[in-house]
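> need a 3D model of the sequence below.
(one chain, ligands or ions: 2)
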Amino acid sequence: MGLTLAEKIIKNHLVTGEMVKGTDIGIRIDQTLTQDATGTMAYLEFEAMGIDRVRTERSVAYIDHNTLQTGFENADDHRFIQTVCKKHGIWFSRPGNGICHQVHLERFGIPGKTLIGSDSHTPTGGGIGMLAIGAGGLDVAVAMGGGEYYITMPRIVNVELQGELQENVSAKDIILEVLRIMSVKGGVGKIIEYTGEGIKTLSVPQRATITNMGAELGATTSIFPSDENTLAFLKAQDRADDYTELKADDDAVYDEHIVINLSELAPLAACPHSPDAVKSVEELAGMKVDQVCIGSCTNSSYADLMKVAHILKGKTVADGVSLAIAPGSKQVLNMLAQNGALSDLIDAGARILESACGPCIGMGQSPNSKGVSLRTFNRNFLGRSGTKDAEIYLVSPEVAAVSALTGVMTDPREYADGYKVDMPEHFLINDNMVIEPASVEEMDKVEVLRGPNIKEFPKTSAMAENISATCSLKVEDNITTDHIMPAGAKILPLRSNIPAISEHCFTVCDTEFPSRAKALGSSIIVGGSNYGQGSSREHAALAPLYLGVKAVLVKSFARIHRANLINAGIIPLEFADENDYNNIDLGDNLSIENVRDQIAAGNGITIINKTKNVEIKTNCALTERQKEIILAGGLLNYTMSK
Ligand code: MIC
Ligand code: SF4
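Ligands and ions are numbered 1, 2, ... in the order given. Next comes the predicted model:
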């Protein structure tokens with residue numbers, strides 16, 4: 001029986017377990033990446049493990065999230081990361097060099113290699129044929145130290161692309177269509193593999209738009225074959241040597257099969273507040289727009305911005321619209337500067353931002369009250385933009401640019417004029433913003449610089465015998481990590497200070513939660529299905545941990561967040577019978593007896609609701625390794641004990 005592409009890469013990297021779907025496997029990790037918002041914590045964890053030099057083939061730290069420096073905190077974090085990298089063998093991409101996923105694709109991604117990153121959009125690397133997976137910072141720290149990375153062997157979904165996109169319909173519309181079909185939880189426990197004649201019409205950056213937003217499906221990762229288009233991209237990046245041809249066997253067996261005919265696809269938009277609330281642009285046409293933002297790791301490649309520049313050239317952004325553009329990397333921005341396209345953007349009235357995440361993570365450019373904002377980004381979760389009552393629509397660069405001119409949601413097919421951006425033969429290459437680590441001989445001399453806001457990773461203790469806790473919060477389905485641990489310009493500078501950031505935990509849902517949880521001392525959070533979707537931020541586990549949360553009981557979890565809870569030593573529980581969701585309310589007194597034995601036995605965990613006098617059966621499917629992690633009080637304790 002033939003193998004799929006993902007299976008081939010897993011097979012080549014398998015260290016522990018067997019490739020049996022649904023069972024735990026440990027894979028060797030070739031490359032890691034971090035960004036600054038999760039990186040400080042990841043490097044503190046790496047330091048705590050006491051390993052002096054990374055054992056990966058390539059580890060890179062990027063500064064791209066916390067780039068608004070309204071106080072000393074972010075700059076201190078950047079300096080900490082820069083010095084830690086120098087000392088421990090990690091390449092450092094300086095602020096200004098671009099968004100981690102875009103730069104990694106351009107300069108470091110290699111087909112067939114494994115990559116984990118402390119950012120949920122790490123699967124962007126699937127566009128160049130890597131097995132690229134988002135993970136919590138602690139998992140990345142362990143991988144940097146040479147430890148394998150554990151996942152549940154995913155089911156493999158084949159998305160077959162047929163035909164060719166019409167003009168001004170784009171890669172973004174393909175992934176929005178996949179989201180429409182599969183939903184934000186449809187990818188949980190799955191890898192999405194793209195095949196079919198249609199992929200030949202897609203360049204690496206276009207493929208990367210698709211694999212990037214596979215994160216919004218909840219998928220473990222997404223991947224494209226490595227073919228002549230991959231070679232063309234690598235050649236243009238002066239990296240032809242990194243190319244290998246990779247594809248699934250002809251007789252590969254997939255668990256699901258979806259066919260999308262690109263020729264029939266129309267421009268789409270994800271409506272507030274979920275990436276799967278997809279409608280056609282035609283349906284939404286005429287809606288007044290207040291803001292347009294172009295950029296993010298999803299859609300800020302050279303080709304994306306050349307298209308935008310072409311649409312804007314010689315025109316002016318509509319009166320009522322503010323247009324912000326953040327090119328994905330220094331390479332992209334510099335190429336636009338050299339060929340004059342930047343001038344077209346500036347001339348049309350675009351507000352040019354630095355090459356970074358920017359508005360995507362609420363680092364500035366929050367929309368006006370009740371503002372309608374069209375964004376080429378990947379997430380439109382409630383409050384993420386920094387304006388709670390704003391309405392965020394996720395669209396392609398073409399829809400964004402055309403609508404910025406008309407002031408209303410507009411179908412870009414009306415503006416088709418035959419213009420096509422060709423893949424440049426040579427991208428502009430200058431890696432002067434990437435700092436090499438110190439040599440083995442020199443590393444001891446490097447001093448790691450720490451600012452006053454950088455606090456230690458919270459210490460945890462081994463799991464208690466019994467848990468007596470109160471329900472401190474009850475939330476509904478599809479809770480995102482942006483609900484649990486909001487980001488934005490005001491809160492992100494606290495990422496290296498768990499006590500301080502905890503004060504903002506869940507405040508999007510309930511402003512009283514932090515003080516209530518702290519006062520209770522020991523509590524349990526109750527939630528619905530797909531709990532913890534979105535970001536990889538382990539702060540969404542570390543802040544509840546700091547506030548005394550012992551277990552999270554939900555209908556179902558998103559993958560990375562569940563792993564982060566386990567890494568933090570918080571027990572992830574799922575209702576055995578979803579109707580029991582109605583048998584717990586805020587303030588109920590709960591108890592779990594002999595919890596260590598119950599975890600070890602692996603037959604689920606019984607919670608007694610003392611307030612309602614009912615027993616609630618829960619599932620707690622942990623592997624032997626995960627049980628040990630939870631019992632030890634988290635992955636750091638576990639790793640240090642090994
Ligand atoms: C995001 O898009 O939500 C982020 C910010 O990139 C996060 C990481 C973080 O919270 O630091 C992610 O996607 O993992
Ligand atoms: Fe940055 Fe946004 Fe991409 Fe997250 S999704 S890495 S915040 S650009």
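> near ligand 1, which residues of the stretch 51-200 of the chain?
For the stretch 51-200 of the chain, the residues in contact with ligand 1 (Cβ under 6 Å from any ligand atom) are His65, Asp119, Ser120, His121, Gly134. Just so you know, the C-beta spots here come from the backbone N, C-alpha and C atoms, and that holds for glycine as well.
> most neighbours among the residues you listed, which one is it?
For those, counting by other Cβ atoms under 10 Å, the largest number of neighbours falls to Asp119: 31 neighbours.
> picking up where we left off before, in helices only, show me the residues of the stretch 51-200 of the chain next to ligand 1.
Among those, DSSP state H puts none in helices.
> wait, a helix at Glu465?
No - with DSSP: H, G, I helix; E, B strand; the rest coil as the criterion, Glu465 is assigned coil and is not in a helix.
> now the stretch 201-350 of the chain against ligand 2: closest residue?
As assessed by Cβ to the nearest ligand atom, ligand 2 sits closest to Cys297 within the stretch 201-350 of the chain, at 3.4 Å.
> may I have the secondary structure class of that residue?
coil.
> tell me the spacing between it and ligand 1.
Distance of Cys297 to ligand 1, given as Cβ to the nearest ligand atom, to the nearest Å: 8 Å.
> wait, that residue touches Cys100, no?
Yes - applying Cβ atoms under 8 Å, one finds Cys297 in contact with Cys100, separated by 7.2 Å.
> quick one, strands of the stretch 401-550 of the chain?
Using DSSP state E, counting those that start in this stretch, the strands assigned to the stretch 401-550 of the chain run over residues 434-435, 467-474, 523-526, 549-554.
> contacting residues around the last one?
Strand 549-554 is touched from outside by 467, 469, 472, 517, 522-529, 531, 544, 565, 570-575, 584, 592, 607, 616, 618, with contacts defined as Cβ atoms under 8 Å, 6 or more residues apart in numbering.
> near ligand 2, from those?
Among the contacts of strand 549-554, proximity to ligand 2 is found for none (Cβ under 6 Å from any ligand atom).
> now, which of these lie within helices?
In helices, defined here by DSSP H, the members of the contacts of strand 549-554 are Ala517, Pro544, Leu565.
> make CSV from those and add distance to Lys11 and pLDDT to it.
As requested, the ones in helices among the contacts of strand 549-554 are exported to CSV (distance: Cβ to Cβ, whole Å; pLDDT from 0 to 100):
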residue, distance to Lys11, pLDDT
Ala517, 44, 98
Pro544, 37, 98
Leu565, 29, 98
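> still on that earlier bit, in TSV: the strands of the stretch 401-550 of the chain, plus mean pLDDT, mean neighbour count and distance to ligand 1.
TSV is the format used below for the strands of the stretch 401-550 of the chain (pLDDT from 0 to 100; neighbours: other Cβ atoms under 10 Å; distance: least, Cβ to the nearest ligand atom, whole Å):
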stretch	mean pLDDT	mean neighbour count	distance to ligand 1
strand 434-435	98	18	20
strand 467-474	98	21	20
strand 523-526	98	25	19
strand 549-554	98	24	18
